[in-house]
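> prediction below, plus the sequence it came from.
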Amino acid sequence: MDVGVSIIFQNKERFRSDYDVYQNEIKLARLAEPLGFDSLWTVEHHFTDYTMTPDPLQFLAFMAGQTQTIKLGSMVMVLPWHKPVKVAENVSMLDNLSGGRVILGIGRGIGRIEYEGMGVDQNQSREIFVESANAVLGALETGQMEIDGEHFTQLPRDIRPEPFKSFRDRTYAAAISPESSQIMADLGVGILVIPQKKWEEHAADLANYRARFLEMHQQPAPAPIAACWVVCHEDEQRAQELARTYLVDYYVEAAKHYEFGGSHFQNIKGHEQYAKWAEGFSEVGTDAVADFFMSLQVYGTPDQCYEQIMEIRRKFGNNTFVGVFSYGNMPYDEADKGMRLFAEKVLPMLKQVGDVEQDAA
């Protein structure tokens, strides 16, 4: 199994200076390759304390210059917020700079504060995403882009530096709603699973995605990537205490950023699934939903973390696991110790695990 680390730059309630967050998160990022992790990831978000990575490719380029072999993943680039030709150029440039180490993660995003701040109509987000994704993925294969679409127009132009190897086997998309899973199957990209709903709902979405992918492309879908928030500690009780504090911290900030308790999703086209979640969120409250989110993540002793990751693998059939070790206002010494302990005790066991064969039936 491949195992990665994601660095998310959260600064809950401006507990620290943004500069302090960046310097400490970069220290954690620099540990990933020497500790033996296979990939290093970051997210894209704007304007709030939730996560502060407005340009994931800039961070990954910075890390490319300080590493040799580790793969570099975006989790995810939100395509409706960018001009397609610039996405294709910047991704190709990073891939050339890093010697082909990029894993491209894409998505459409759901944050109202971000859509409004970027001046993009969220009602059109699904259509914009599909148009952009087709243009970007096509350009990364052919080295050329031309668009005459509803949302973008691009005169024929070469992508320089030109892409030098295919992205088809290393492009993934975050898909939370069943509709998004079907779109990703049509696009021919893998699925990045971040557990946020009941296991059986994720499993049903993946089953439908795999069936659609096989129908559209006459080959099995790639194995999904699973990403979870992690607390690893030698003492089980201390691990639970850390998880209770900082996983809940993280989710409270996420709920604030996405306005999960609001009613605005009902008025946004293509966000029906999120409207249902928001209604349920309002009924049970932040604390209950945060507890549910916590139950989906990975925390405990090294042996417990290993067993939980293997259980996720049994549910999802993933061959890659990505862990987030620093979030909320977790002290950086705790994040550092947890990441090092995971690398020492859990990582070697996971690397002995063979790949799950993907069903071609």
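Noted; the coordinates are in hand.

> what about residue 350, which helix or strand?
helix 347-351 (DSSP states H and E).

> elements contacting that helix?
Using 3 or more Cβ pairs under 8 Å, 6 or more residues apart in numbering; DSSP states H and E, the elements in contact with helix 347-351 are strand 2-7, helix 302-316. Just so you know, the C-beta spots here come from the backbone N, C-alpha and C atoms, and that holds for glycine as well.

> and these, which is most packed in?
strand 2-7 (a mean of 24; mean count of other Cβ atoms under 10 Å).

> packing partners for it?
Checking 3+ Cβ pairs under 8 Å, 6+ apart, strand 2-7 ends up next to helix 18-35, strand 39-42, strand 71-74, strand 320-324, helix 347-351.

> in CSV: these, plus mean pLDDT and distance to residue 166.
Output for the helices and strands packed on strand 2-7, formatted as CSV (pLDDT from 0 to 100; distance: least, Cβ to Cβ, whole Å):
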stretch, mean pLDDT, distance to residue 166
helix 18-35, 98, 24
strand 39-42, 98, 18
strand 71-74, 98, 15
strand 320-324, 98, 18
helix 347-351, 98, 26
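
> export those to JSON lines and tack on mean neighbour count and distance to residue 57?
Shown next, in JSON lines, are those (neighbours: other Cβ atoms under 10 Å; distance: least, Cβ to Cβ, whole Å):
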{"stretch": "helix 18-35", "mean neighbour count": "16", "distance to residue 57": "14"}
{"stretch": "strand 39-42", "mean neighbour count": "26", "distance to residue 57": "9"}
{"stretch": "strand 71-74", "mean neighbour count": "24", "distance to residue 57": "7"}
{"stretch": "strand 320-324", "mean neighbour count": "26", "distance to residue 57": "17"}
{"stretch": "helix 347-351", "mean neighbour count": "16", "distance to residue 57": "26"}
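
> mind exporting the C-alpha coordinates of stretch 321-329 to CSV?
What follows is stretch 321-329, C-alpha atoms only, in CSV (Å, rounded to 0.1, in the frame of the first residue of the first chain):
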residue,chain,number,x,y,z
PHE,A,321,-4.0,5.9,2.2
VAL,A,322,-3.3,9.6,3.0
GLY,A,323,-3.2,10.8,6.6
VAL,A,324,-3.6,14.3,8.0
PHE,A,325,-1.6,14.6,11.2
SER,A,326,-1.9,18.3,12.0
TYR,A,327,-5.2,20.1,12.3
GLY,A,328,-7.3,22.2,14.7
ASN,A,329,-5.0,23.9,17.2
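
> partner strands of the strand ranked longest in the chain and their direction?
In the chain, assigned by DSSP state E, the strand with the most residues is strand 225-232. Strand pairing for strand 225-232, using DSSP bridges, gives strand 190-193 (parallel), strand 298-300 (parallel), strand 320-324 (parallel).

> can you pull the pLDDT of residue 358?
Reported pLDDT at residue 358 in the predicted model: 73.

> quick one: it and residue 219 touch, right?
No. Taking contacts as Cβ atoms under 8 Å, residue 358 lies outside contact range of residue 219: 9.1 Å.
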